[in-house]
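Visitor: structure here, sequence nowhere to be found:
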């Protein structure tokens, strides 16, 4: 190959591979959602996914939001002191947690905890031929494995985001009142007065999108994993990376849409 054209050929191959991957994920998502309108349904799998994704993620979500809110209050107070603007701490903590940090951090925590777990579980089922057994029993793997997890993520992650937003604001409140000398009643009043319904709606919408992405990526890479332990590891790693990148990209697009 001509040395001058070699870099262009490499860029072309990478671009085509990226487009093929995006198309494959989009088709997989469409196929998953198409099963929503066709029985049979598996409520036990759905309820199990709700517990796994939602309830058992509360500790890591709560701790992440609490410390992030506290650190944010300290940073805003320190930066605002340079311009005699320390009083804006409650407002900026509230809008920062609700609009951006709350949804993004919860989404990334779900990607780290849930996406990896789902990908490893489904990939292991593929390696041990349990998915083939489902097909033998006339059970569609996508309907039994993918749809309940994706729907659970779509419904429960916005709840986690709402909880994370509240806990993050509480973390800023505790630091503001105990360490920075803010009046408790004034801090809460400034927080409530500054937030708008659009801020909360955008936060919950981001949570739904991030939950859908995180669970979809776990199922997608789990279903496409190679055989053997190495294939399970590769599927788990790829699912978390893809989910994190897509969550950050979706966060930018949704921020443009809402604001």
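Guide: The structure has been received and is ready for your questions. What you see is a predicted model, and the numbers here were worked out from it, not measured in a lab. Numbering: from 1, shown residues only.
Visitor: can you pull the pLDDT of residue 6?
Guide: Note on residue 6: pLDDT of 77.
Visitor: now stretch 186-204: buried residues?
Guide: 187, 188, 190, 191, 194, 195, 199, 202, 203, 204 (16 or more other CB atoms under 10 Å). (Glycine included, C-beta is placed from N, CA and C.)
Visitor: sorry, wrong one. I was asking about stretch 221-232.
Guide: 221, 222, 223, 224, 225, 231, 232.
Visitor: ok, the first one - contacts?
Guide: With contact set as CB atoms under 8 Å, 6 or more residues apart in numbering, residue 221 has these partners: 119, 123, 235, 236, 238, 239, 242.
Visitor: would you mind measuring from the fifth one to residue 130?
Guide: Which is residue 238. Distance of residue 238 to residue 130, computed by CB to CB, to the nearest Å: 21 Å.
Visitor: repeat for the third one
Guide: In this structure, residue 235 lies at 15 Å from residue 130, with CB to CB as the measure.
Visitor: more crowded one of these two?
Guide: Comparing residue 235 with residue 130 by neighbour count (other CB atoms under 10 Å), the higher total belongs to residue 235, at 26 against 13.
Visitor: that one sits in which helix or strand?
Guide: In the assignment (DSSP states H and E), residue 235 maps to helix 229-258.
Visitor: quick one: residues contacting the residue lying closest to residue 80 once chain neighbours are set aside.
Guide: The shortest distance from residue 80 to any non-neighbouring residue, by CB to CB, 6 or more residues apart in numbering, is to residue 86 (4.7 Å). Residues in contact with residue 86 (CB under 8 Å, 6+ apart) are 77, 80, 180.
Visitor: and the lengthiest helix in the chain, what does it pack onto?
Guide: When the chain is parsed with DSSP state H, its longest helix is helix 147-178. Helices and strands in packing contact with helix 147-178 are listed as helix 43-53, helix 58-80, helix 89-95, helix 102-110, helix 184-194, helix 197-223; criterion 3 or more CB pairs under 8 Å, 6 or more residues apart in numbering; DSSP states H and E.
Visitor: so which of the ones you listed is nearest residue 36?
Guide: helix 43-53 (11.2 Å; CB to CB).
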